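Engineer: Here's my sequence, what's the structure:
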Amino acid sequence: MKTAKYAFVRTLPVMAGYLVLGLGFGVLLQTKGYGLGWALAMSTLVYAGSMQYLAVDLLAGGASLVSAALMTLMVNARHLFYGVSMLERYRDAGPAKPYLIFALTDETYSLVCSGEAPEGVDQKRYYLLASLFDQLYWIAGSAAGAALGSVLPFDSTGIDFSMTALFLVVVTEQWRASRDHTPALVGLGVSLACLMVFGADNFLIPAMVGITLALTLLRGPLENREREEADHAGI
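Structural biologist: Alright, predicted model coming up:
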């Protein structure tokens, strides 16, 4: 019970965001001619946040499976970084591991990486409940948006920017909480360089590859710096 309460309290900020963002997704989906069933199915089986917003246009435009797969890869490639960093935390998760991998969104990642759970809270169970609560918030928001969109008129202009706004908030919070901004600066620098070299329409994949290579090369020095800071803090 203590673990469930702790997970619920920790996920309240995500709930506030996911209900609103899910609502926007549901409304947008409804305006394209897809109803409540689609909203529930996508938020349950896909659960990909920004990719779900893009999927609305892909569905409405009749995009091919190849195009949808490539777009999904580009948008969600950041989860490769998440997966590598979560290997140790999820190592002994047991039967819950497949779901934990599936449900690892940006916001859930921030929650499970924000330090050790307090005494009396089961760490692995907290990971599971935080992931589950976050998805339930998203499903509830999506369903509400699809239901409201079918009975109330909405101007969906600008709704698709809501995920971008959330990403900006997450990055800002992580920047403020971290003392070492090297990974963020590397990501920004490589992205800007690729933008100038490849242009706005073609820079995304080169930027992802460049960021991956740069952070891989810097992984050793960054880990050594973190250990030195931890040792210094313990003195």
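
Engineer: dump the residue contacts of Ala147.
Structural biologist: Gly26, Leu36 (CB atoms under 8 Å, 6 or more residues apart in numbering). C-betas here are computed from N, CA, C, even on glycine.

Engineer: per-residue confidence for it?
Structural biologist: On the pLDDT scale, Ala147 is placed at 90.

Engineer: ditto for the one 5 residues further on
Structural biologist: In the prediction, the pLDDT value recorded for Leu152 is 69.

Engineer: low pLDDT regions in this structure?
Structural biologist: For the chain, applying pLDDT under 70 flags the ranges 115, 152-167, 169-170, 173-174, 177-178, 204, 220-235.

Engineer: Centroid-nearest residue for it?
Structural biologist: Nearest to the mean C-alpha position of the chain, by CA atoms, centre = their mean, lies Asp106 at 2.5 Å.

Engineer: got the phi/psi numbers for that residue?
Structural biologist: The phi and psi torsions at Asp106 (degrees, to the nearest 10) take the values phi -60, psi -50.

Engineer: Hmm, it is touching Gly49, no?
Structural biologist: Yes - Asp106 is in contact with Gly49 according to CB atoms under 8 Å; the separation is 7.1 Å.

Engineer: Tell me where this protein has helices.
Structural biologist: For the chain, the helices defined by DSSP state H cover 2-10, 12-31, 36-45, 50-61, 65-76, 79-85, 97-102, 106-112, 123-149, 162-177, 182-198, 204-234.

Engineer: For Arg91, which of these is the nearest?
Structural biologist: Set against Arg91 and scored by CB to CB, those come closest in helix 97-102, at 8.5 Å.

Engineer: Against which helices or strands is the closest one packed?
Structural biologist: helix 123-149 (3 or more CB pairs under 8 Å, 6 or more residues apart in numbering; DSSP states H and E).

Engineer: count of neighbours near Val197?
Structural biologist: The tally of other residues near Val197 (other CB atoms under 10 Å) stands at 12.

Engineer: What residues sit buried inside stretch 100-110?
Structural biologist: Leu100, Ala103, Leu104, Thr105, Asp106, Glu107, Thr108, Tyr109 (16 or more other CB atoms under 10 Å).

Engineer: With respect to Pro118, which of the residues you listed is nearest?
Structural biologist: Nearest member of the buried residues of stretch 100-110 to Pro118, counting by CB to CB, is Thr108, at 18.8 Å.
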